[in-house]
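Enquirer: here you go, sequence then predicted model.
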Amino acid sequence: MVLAGDDEVQVTLKPEYDRASEVKAFDGTKASVKGLVDAGVSEVPQMFHHPPDNFEKSSV
């Protein structure tokens, strides 16, 4: 995940990524997002990444 400025975020998803196994492993630890922070995780795990919604910009 990269901050692009002006509240834009660029997300790069890996096609070989197995989200189900990562979520299962995370759930198995009984940790929370706070637990990740307390453990010193420096990058947001990919299971929390998702592509941005593509909405047309309104001229209103």
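Expert: Looks like it arrived, so ask away. Residues are numbered from 1 along each chain as shown.
Enquirer: just for the chain, where's the confidence low?
Expert: Under the criterion of pLDDT under 70, the regions of the chain flagged as low confidence span 1-15.
Enquirer: now the helices for it?
Expert: With DSSP state H, the ranges of helices along the chain come out as 19-29, 33-38.
Enquirer: let's have those in a markdown table, adding distance to residue 58 and mean neighbour count.
Expert: Using the backbone N, CA and C atoms, a C-beta is placed for each residue, glycine as well. Output for the helices of the chain, formatted as a markdown table (distance: least, C-beta to C-beta, whole Å; neighbours: other C-beta atoms under 10 Å):
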| stretch | distance to residue 58 | mean neighbour count |
| --- | --- | --- |
| helix 19-29 | 32 | 11 |
| helix 33-38 | 32 | 12 |
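Enquirer: report the central residue of this protein.
Expert: Centrality entry for the chain: nearest residue to the mean C-alpha point is residue 49, 2.3 Å, by C-alpha atoms, centre = their mean.
Enquirer: give me the distance between that residue and residue 27.
Expert: From residue 49 across to residue 27, the span is 17 Å (C-beta to C-beta, to the nearest Å).
Enquirer: on that earlier part again, and the helices of the chain: which comes nearest residue 56?
Expert: helix 19-29 (28.1 Å; C-beta to C-beta).
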